[in-house]
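S.K.: Next comes the sequence, and after it the predicted model I'd like to discuss.
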Amino acid sequence: MMSFFLHRTLFADPMLATRGEGIYLHTADGRKIIDGSGGAAVACLGHGHPRINAAIAEQLSKVAYVHTVLFTNQAAEELAEILVGHEPGGLSHAYFCSSGSEGNEAAIKLARQYFLEIGQPQRTRFIARRQGYHGNTLGALSAGGNMMRRAPYAPILSGCSDSRSTFTGGSSSSGAAPATSRATAELPSIMVQCRSTSTAGQGSCPDSTARSDASTAARPGPPRSPSGKAGA
Ligand SMILES: Cc1ncc(COP(=O)(O)O)c(C=O)c1O
């Protein structure tokens with residue numbers, strides 16, 4: 001199929017999803033596939049739920065988008081209250097983004113801004129766990145410990161993080177002292193994410209994830225470049 005859409009691999013065409021229904025995806029060639037992974041493993045709403053469709057349509061009929069520099073909207077206000085109205089773990093405000101990567105960029109910048117404003121500008125380092133994945137933007141990659149995904153971009157990542165092995169506690173920084181033994185004064189934050197199903201453990205997915213298996217879910221795996229290795 002001729003496509004102008006830059007897919008994740010240049011070597012195979014992805015399946016064309018034409019319809020979603022609950023846990024199922026239907027493809028143009030007539031297959032019905034269980035979306036057991038929920039998109040990239042983090043979408044838990046299923047496909048085409050009538051209540052969700054109605055809520056989206058209702059909001060679109062009111063206002064689709066406003067920029068937060070000047071406006072707020074009722075839906076965002078209500079969602080923020082649902083999420084943090086009872087201040088879970090001391091969280092008092094919600095900030096909405098369009099993706100996990102963008103959310104982590106925002107968290108990194110908020111941590112920086114906080115310490116600047118309280119007069120501690122020397123705090124510039126983050127600790128991440130090895131294999132921890134925080135997103136594909138440069139800031140989120142910089143603060144993550146997924147070695148395979150970091151590798152192609154290492155020369156242009158900021159040196160703000162130190163990742164520690166999930167299993168051994170070892171540091172990934174060659175020649176550097178373990179982050180935890182450095183002056184804690186340098187640390188604005190430790191990157192810990194709570195998502196219902198993190199993709200952090202998928203860094204070393206076997207090659208079988210590259211196969212499309214019509215009888216099972218479209219399984220999550222590391223994004224693949226044309227070489228089939230690291231991802232965007
Ligand atoms: C734990 C975690 N953080 C961040 C991200 C990045 O989110 P997104 O792909 O929405 O940018 C993911 C994506 O899978 C994730 O699993």
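M.R.: That came through, no problem.
S.K.: can you pull the contacts of whatever residue of the chain ends up closest to the ligand?
M.R.: Per Cβ to the nearest ligand atom, residue 100 is where the chain lies closest to the ligand, at 2.2 Å. (C-beta placed from N, C-alpha, C; glycine too.) Contact partners of residue 100, counting by Cβ atoms under 8 Å, 6 or more residues apart in numbering, are 42, 134, 135, 140, 195.
S.K.: Identify the farthest-apart pair in the residues you listed.
M.R.: 42 and 140 (14.2 Å; Cβ to Cβ).
S.K.: Those two - which one has more neighbours?
M.R.: residue 140 (23 against 14; other Cβ atoms under 10 Å).
S.K.: I figured that one was touching residue 132, is that so?
M.R.: No: in this structure, residue 140 is not within contact of residue 132 by Cβ atoms under 8 Å, at 10.3 Å.
S.K.: Quick check: next helix or strand after the longest helix along the chain?
M.R.: When the chain is parsed with DSSP state H, its longest helix is helix 100-117. Of the helices and strands lying after helix 100-117 in sequence (DSSP states H and E), the nearest is strand 126-129.
S.K.: Output the following helix or strand past that next one in CSV, but only the C-alpha positions, please.
M.R.: Sequence order places helix 138-142 as the next helix or strand after strand 126-129, per DSSP H and E. Provided in CSV are the C-alpha atoms of helix 138-142 (Å, rounded to 0.1, in the frame of the first residue of the first chain):
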residue,chain,number,x,y,z
LEU,A,138,14.6,14.1,24.4
GLY,A,139,13.9,15.4,27.9
ALA,A,140,11.9,12.2,28.9
LEU,A,141,14.6,10.0,27.3
SER,A,142,17.3,12.0,29.1
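S.K.: and helix 138-142, which residues are buried?
M.R.: 139, 140, 141, 142 (16 or more other Cβ atoms under 10 Å).
S.K.: Which strands and helices lie in contact with that helix?
M.R.: The contact analysis (3 or more Cβ pairs under 8 Å, 6 or more residues apart in numbering; DSSP states H and E) places helix 138-142 against helix 100-117.
S.K.: repeat that with 10 Å
M.R.: In terms of contacts (3 or more Cβ pairs under 10 Å, 6 or more residues apart in numbering; DSSP states H and E), helix 138-142 is packed against helix 100-117, strand 126-129, helix 147-150, strand 161-164.
S.K.: and the second one, which strands flank it?
M.R.: For strand 126-129, the paired strands and their directions (DSSP bridges) read strand 161-164 (parallel), strand 189-190 (parallel).
S.K.: so does it get close to the ligand?
M.R.: No: Strand 126-129 lies out of reach of the ligand by Cβ under 6 Å from any ligand atom, never closer than 10.8 Å.
S.K.: tell me the average confidence for that strand?
M.R.: For strand 126-129, the mean per-residue pLDDT is 84.
S.K.: same question, the first one
M.R.: Helix 100-117 shows a mean pLDDT of 95 in the predicted model.
S.K.: Over to the last one?
M.R.: For strand 161-164, the mean per-residue pLDDT is 68.
S.K.: For residue 109, see how far away residue 35 is.
M.R.: 33 Å (Cβ to Cβ, to the nearest Å).
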